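S.K.: Please find the sequence and the predicted model below.
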Amino acid sequence: MSTSIFVNIATTDLERAKAFYTGLGATINPNFTDDNAACLVWSDDVYFMVLKREFMATFTEKEIGDPTLTTTALVSLSRDSRDAVDAAVAAATTHGGRELREAQDYGFMYSRDIEDPDGNEVGFLWMDPKAAEIGPEAYMAEQAQA
C-alpha cells in the first residue's frame, strides 16, 4: 500500500492560486476541482488541495489561520538538483510569489523557501542521495575523510 500526501491550504483567490502553482509545474486534476477548491498534482503521491477560505472552514471547527500573519504549515518539495531548486524559485517569483530568505546550503542539502501570493510558505530542496541514505552526520564524516 502506498501513501499519498494531500496538503490543504487556504486561498483568498482560487484562480490566482491555480495560476501560481501551475506556473511552478503542478497540474490540475479536474475531477477534484470546482469553484471552491483545486486539486494541484505534484506527483503520483503528492497533492495540494487549494481551498477557498470559506470552504476550508467547513472541514474544521478551528479558525482558519491567515498565512500572511502566522505560519500555518511548512511544506517542502524535493527537487532532483540544485538547479531545479533554483528554477522552482525563479518560477515562483515570476508567478507572483516571493523568496523569503537566502538559500540554505549545507553541502549535502540545498534549500530555498518562497511565499505564495496568499502568504503560504513552500520550500524546495535538493539532498545528495548518499546523505539521504546514510544520514547527514555520516555523510559529512565521509566527506571529511575523503
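M.R.: Great, that's in hand. Numbering: from 1, shown residues only.
S.K.: Residue 106 and residue 136 touch, don't they?
M.R.: Yes - using CB atoms under 8 Å, residue 106 is in contact with residue 136, at 7.4 Å. C-beta coordinates here come from the backbone N, C-alpha and C atoms, glycine included.
S.K.: For stretch 28-48, the averaged confidence score.
M.R.: Averaging pLDDT along stretch 28-48 yields 97.
S.K.: List the buried residues of that stretch.
M.R.: 33, 37-42, 46-48 (16 or more other CB atoms under 10 Å).
S.K.: any residues touching it, and which ones?
M.R.: With CB atoms under 8 Å, 6 or more residues apart in numbering as the test, stretch 28-48 has contacts from 2-9, 14, 17-18, 21-22, 25-27, 49-52, 54-55, 77.
S.K.: Narrow those residues to those in helices?
M.R.: Residues of those located in helices (DSSP state H): 14, 17-18, 21-22, 54-55.
S.K.: how about the strands of the chain, start to end?
M.R.: 5-11, 27-29, 37-41, 46-52, 74-78, 98-99, 104-105, 109-115, 121-127 (DSSP state E).
S.K.: Tell me the one of the ones in helices among the contacts of stretch 28-48 nearest residue 141?
M.R.: Closest approach to residue 141 among the ones in helices among the contacts of stretch 28-48 (CB to CB): residue 21, at 38.8 Å.
S.K.: Can you tell me the closest non-neighbouring residue to the closest one?
M.R.: The shortest distance from residue 21 to any residue other than its chain neighbours is 4.7 Å, reached at residue 40 (CB to CB, 6 or more residues apart in numbering).
S.K.: and that neighbour, how far is that from residue 73?
M.R.: 15 Å (CB to CB, to the nearest Å).
S.K.: Flag the shaky bits of the protein, pLDDT-wise.
M.R.: In the predicted model of the chain, no residue satisfies pLDDT under 70.
S.K.: The residue at minimal distance from the centre of it pairs with what?
M.R.: Centroid-nearest residue in the chain, with CA atoms, centre = their mean: residue 122, separated by 3.8 Å. Listed beta-bridge partners, residue 122: residue 75, residue 114 (assigned using DSSP bridges).
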